[in-house]
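Colleague: this one's structure only:
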């Protein structure tokens, strides 16, 4: 998956929170402050291997700040976080080597071809040279993009771009992939196709940590957390959350919790 570096630190083994389950993502009172403003306020949760975990919250709830910490891009102010066994504060570079990431904005290079993008990111992710071209051919065939291999990415429809971006994010078979609003702006058919890809990745053991504003997509997750004003106010399966809040769907659950919010920006 990655080039072997004999100097790489061994994963730090945390004390498992939440009843000792020990997941591939663990947080214990994870906190992030900017001056006097607490963007993420002592959140604790665990995500298991191969789980599709929905991380929801209205704008300003703190979910993007939390995700940045989990990806090793921002250091916590307090608390602990472990991703793929690595401490997000002490070992951020090791965290980055074991995850994939797809932003809400299309993140590939539009002035490169489809194949050039895939080859570039395969190299960045450390995929062995002899595995790159066979994996590219396999991925393009699966996406139905073989004929577009030499097409500039900027000429692709948005739905194809998003599916390509996801495929690149998991090209190196990471332990975890973080998806930030991955289906924003795409049509319903493409959204269903995209979620089929998510399920296939989870079946291969890749943990999927996803944020979305589409509450029907929250139903596809094994468990869902909902942040309000920097705290996790609810965390359970969609079915249990609907029962707990006497709601017909996740949109009702989300609305009931979001109404409690008192801040606008995180």
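Modeller: The structure has been received and is ready for your questions. It should be emphasised that the depicted structure is a prediction, and the values quoted were computed from it without experimental measurement.

Colleague: What pLDDT is listed against the closest residue in space to residue 204 that isn't next to it in sequence?
Modeller: Using CB to CB, 6 or more residues apart in numbering and skipping residues adjacent in sequence, the residue nearest residue 204 is residue 173, 7.3 Å away. Glycine gets a C-beta too; all of them are placed from N, C-alpha and C. pLDDT, residue 173: 94.

Colleague: For residue 173, what are phi and psi?
Modeller: phi 50, psi 60 (degrees, to the nearest 10).

Colleague: Which element, helix or strand, includes residue 117?
Modeller: Using DSSP states H and E, residue 117 maps to helix 114-124.

Colleague: which outside residues touch the helix or strand that that helix is followed by?
Modeller: Downstream of helix 114-124, the first helix or strand assigned by DSSP H and E is helix 129-143. Applying CB atoms under 8 Å, 6 or more residues apart in numbering, the external contacts of helix 129-143 come out as 114-115, 118-119, 122-123, 127, 146, 148-149, 160, 163-164, 167, 171.

Colleague: Stretch 183-200 too?
Modeller: Under the criterion CB under 8 Å, 6+ apart, residues 52, 104, 158-159, 162-163, 166-167, 179, 182, 208, 210, 212-214, 217, 220 lie in contact with stretch 183-200.

Colleague: Can I get the buried ones among the residues you listed as something I can paste into PyMOL?
Modeller: Per 16 or more other CB atoms under 10 Å, the buried members of the contacts of stretch 183-200 correspond to this PyMOL selection:
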select buried, resi 52+104+159+162+163+166+167+179+182+208+210+212+217+220
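
Colleague: Go through the contacts of stretch 183-200 and flag which are in strands.
Modeller: 52, 179, 208, 210 (DSSP state E).

Colleague: What residues does the second one make contact with?
Modeller: Right, residue 179. 102, 166, 169, 198, 208, 209, 210, 211.

Colleague: Report the separation between the residue nearest the centre of the chain and residue 69.
Modeller: Ranked by distance to the mean C-alpha position of the chain (CA atoms, centre = their mean), the top residue is residue 178 at 1.5 Å. Per CB to CB, to the nearest Å, residue 178 is found 11 Å from residue 69.

Colleague: could you pull out the helices for the stretch 1-150 of the chain?
Modeller: Using DSSP state H, counting those that start in this stretch, the helices of the stretch 1-150 of the chain run over 63-70, 92-97, 114-124, 129-143.

Colleague: got a markdown table for those helices, with mean neighbour count and mean pLDDT too?
Modeller: Shown next, in a markdown table, are these (neighbours: other CB atoms under 10 Å; pLDDT from 0 to 100):
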| stretch | mean neighbour count | mean pLDDT |
| --- | --- | --- |
| helix 63-70 | 22 | 95 |
| helix 92-97 | 19 | 93 |
| helix 114-124 | 19 | 95 |
| helix 129-143 | 14 | 95 |
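
Colleague: And the ones you listed: which comes nearest residue 263?
Modeller: If you check each of those against residue 263 by CB to CB, helix 63-70 wins as the nearest, at 12.4 Å.

Colleague: Tell me which other helices or strands that closest one touches.
Modeller: Under the contact criterion of 3 or more CB pairs under 8 Å, 6 or more residues apart in numbering; DSSP states H and E, helix 63-70 touches strand 25-34, strand 37-47, strand 52-57, strand 78-83, strand 176-180, strand 207-211.

Colleague: Quick one: closest of those to residue 253.
Modeller: Among those, strand 52-57 comes nearest to residue 253, with 9.3 Å by CB to CB.

Colleague: Could you work out the end-to-end span of stretch 68-84 for me?
Modeller: End-to-end span of stretch 68-84 (CA to CA, to the nearest Å): 15 Å.

Colleague: change the start of the numbering to 7 and stick with it
Modeller: Happy to do that; since the first residue is 7 now, the last one works out to stretch 74-90.

Colleague: quick one: contacts for residue 69?
Modeller: So residue 69 contacts 61, 62, 63, 217, 233, 272 (CB under 8 Å, 6+ apart).
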